[in-house]
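>>> pasting the sequence and the predicted model now:
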Amino acid sequence: MVLLVAALLVTTAAYGVLTGGRPQVESVDNDWGTVTTDRTEIETQLTVANPLLPRAGDAVADVSYTVSMNDIEVATGETTNVSLGGDERTVTVTTWFDNGEIPTWWAGHVNRNETTTVRIDPDVVVDYAGIRLPAEEWTRTRTVHTDLLEPLETNESQRLQVANQTVLVVTETNARWGNATVTRTPIDASATVTNPTPLPVPITELRYTVRLNGIVVGQGSAGQQTVLQPDSTRTLEATAAINNSKLDEWWVTHLRNDERSTLTVQFNATLAYGDVERTVPLEFLSYQRPFETDLLGAEPERMNESAGDQTERAREQLSRQRRSQRTEDATAGHSSHGRRVRVQN
């Protein structure tokens, strides 16, 4: 009889726990922590609501956590036997991002039209007196978009002068990404140019340099020798490439600058004009482009928001960025969002 009564009490308690409301993840706050050349710390605080604690007493929780970018799992973390008390408890979880994943993420970002979807999946299981109860599912996604080649999409008329003489007139420039891989990200640029002079203009060499926050991430030959005939118009093509193995070094500077960077692309041409060979910058193909990512999100968290809401917020953010970038100097300093980023060598 005693055993039967005890069993009934346990069953009744378990039923009360299961029907009284499951624990819930109320919010997730992410922050960058320590950044080294090899890895990046993500500090996460999860607020867990415990509606059963006033009736079920103290409990402990096991918390695991996954961060993925474009379906690439970049960080995982776990903490167990976290004591819960009161109606709410904030649990801190530390995860580590392997900087070696940056080239893979970058290639996916470029190949998806410069778009990254960050997905955060916390998993909380609460133990009430031996009864393990998972928290209600909580998933957060965030879409980040950049537009790094936009400055080259123009039909603005430009002139290239050598020794105060106009040797090329440019009427249109374009650029597009080639197929990015883990090792290489091609940039295919082109310009519609006219040689207004009575002499041919041989281009004996085309070279490029690509920098991210001043770090050289690509350098080399941009095209073959060509000759621009007198009074003729043609398309001049130039190809640059980012060496993705350099991106982990850039990543540290990106976080140090509060997820802000400047992409600098510079093309130079060696021209043989009037029996004189000169190397000149191709300013009509060279540019600086500031951008920011905000991968972990500086805006307030929104639980399980719809894909439409995410897309609209991403568009609004991109519009704000573009307006701001048109008025800001590419090298101007920016105010901090207040993230705690610790950089170690």
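Everything's here; your move.

>>> check the gap between Ile215 and Thr209 for me.
11 Å (CB to CB, to the nearest Å). For glycine as for every other residue, the C-beta is placed from the backbone atoms N, C-alpha and C.

>>> pLDDT weak spots in the chain?
Residues of the chain meeting the criterion pLDDT under 70: 1-22, 50-58, 85-88, 298-345.

>>> center of it - which residue?
Closest residue to the average C-alpha location of the chain: Thr293 at 4.7 Å, with CA atoms, centre = their mean.

>>> any idea how far Asn268 is from that one?
29 Å.

>>> how much space between Gly33 and Ile120?
16 Å.

>>> out of those two, which sits in the busier spot?
Between Gly33 and Ile120, counted using other CB atoms under 10 Å, Ile120 has the larger neighbour count: 22 against 18.

>>> name the helices or strands packed onto the helix or strand encompassing that one?
Assigned by DSSP states H and E, Ile120 belongs to strand 115-128. Here strand 115-128 touches strand 24-35, strand 39-49, strand 59-69, helix 102-111, strand 131-134, strand 140-145, going by 3 or more CB pairs under 8 Å, 6 or more residues apart in numbering; DSSP states H and E.

>>> let's have the ones you listed in JSON lines, adding distance to Thr226.
As requested, the helices and strands packed on strand 115-128 are exported to JSON lines (distance: least, CB to CB, whole Å):
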{"stretch": "strand 24-35", "distance to Thr226": "44"}
{"stretch": "strand 39-49", "distance to Thr226": "44"}
{"stretch": "strand 59-69", "distance to Thr226": "40"}
{"stretch": "helix 102-111", "distance to Thr226": "28"}
{"stretch": "strand 131-134", "distance to Thr226": "65"}
{"stretch": "strand 140-145", "distance to Thr226": "35"}
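
>>> Val280 against Ala163, yeah?
No. Contact criterion CB atoms under 8 Å: Val280 and Ala163 do not qualify, at 9.9 Å.

>>> what about the two, which has more around it?
Of the pair Val280 and Ala163, Val280 is the one with more neighbours under other CB under 10 Å, namely 16 against 10.

>>> am I right that that one is in a helix?
No. Under DSSP: H, G, I helix; E, B strand; the rest coil, Val280 sits outside any helix and is assigned strand.

>>> so which bits of stretch 113-129 are buried?
Buried residues in stretch 113-129, defined by neighbour count with 16 or more other CB atoms under 10 Å: Glu114, Thr116, Thr117, Val118, Arg119, Ile120, Asp121, Pro122, Val124, Val126, Asp127, Tyr128.

>>> would you mind saying which of the helices and strands packed on strand 115-128 lies nearest Leu228?
Relative to Leu228, the nearest member of the helices and strands packed on strand 115-128 by CB to CB is helix 102-111, separated by 31.1 Å.

>>> what does that closest one rub up against?
Contacts to helix 102-111, defined as CB atoms under 8 Å, 6 or more residues apart in numbering, come from residues 69-70, 72, 74, 115-116, 146, 177, 179-183, 185, 242, 244-245, 247-248, 251.

>>> so which of the residues you listed sit within helices?
Secondary structure from DSSP state H places Leu247, Asp248, Trp251 of the contacts of helix 102-111 in helices.

>>> doesn't Thr40 make contact with the last one?
Yes. Contact status for Trp251 versus Thr40: in contact at 7.3 Å, counting by CB under 8 Å.

>>> overlap in contacts, these two.
Joint contacts of Trp251 and Thr40 (CB under 8 Å, 6+ apart) are Asn99.

>>> hmm, back to that, so what's the residue nearest to the centre of the chain closest to, chain neighbours aside?
Once flanking residues are discounted, Thr293 sits nearest to Glu259: 4.8 Å by CB to CB, 6 or more residues apart in numbering.
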